[in-house]
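Chemist: give me a 3D structure for the following:
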Amino acid sequence: MLFDKSEYEERIGRAESPVQLVVITYELLLHYIEQAEKAFTNNNGELFSSCSYKALDCISELVGSLDMRHIISHELKDLYIYANGLITKAMAVLNADYLAEAYKIVNELYSGFKTVEREVVSNMDFCKKPQFEYNI
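Modeler: Numbering: from 1, shown residues only. Model (predicted):
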């Protein structure tokens, strides 16, 4: 996954629904986990730590975005906490296998939210009011 900060900033600014922001956060989370794994493989401890902490920040954002009035939010929170624990453990014991496990979980959730995003965007396009020009 190629990372272009300006592209993500632009997408965040264009997001028309909360689910689009969640999808972007998932993409960033996956990117940081990938980069942490690569840094670990390359014995770059500083980058490993930096990317791992950024991944944890993304998880915090995802937890903060949950509407706990819905049962699914409680299930998602448990998965986020588990992924957070895996990344933290990878950092504590210096074992990238935990990052790989966190990546699998996050990627599955990301796939589900991408499907939801397509539905939301499709419905938004359908529901948009036509734009009229008025000549006064």
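Chemist: tell me how many other residues crowd residue 39.
Modeler: Applying other CB atoms under 10 Å, we find 20 other residues in the vicinity of residue 39. Using the backbone N, CA and C atoms, a C-beta is placed for each residue, glycine as well.
Chemist: okay, it: pLDDT?
Modeler: The pLDDT attached to residue 39 in the predicted structure is 97.
Chemist: could you pull out the helices for the chain?
Modeler: In the chain, the segments counted as helices under DSSP state H are 5-14, 18-41, 45-64, 71-93, 97-127.
Chemist: what's the nearest residue to the spatially most central residue of the chain if we skip its chain neighbours?
Modeler: Residue closest to the average C-alpha location in the chain (CA atoms, centre = their mean): residue 26, at 1.4 Å. Across the structure, with CB to CB, 6 or more residues apart in numbering as the measure, the residue nearest residue 26 apart from its sequence neighbours is residue 110 (4.0 Å).
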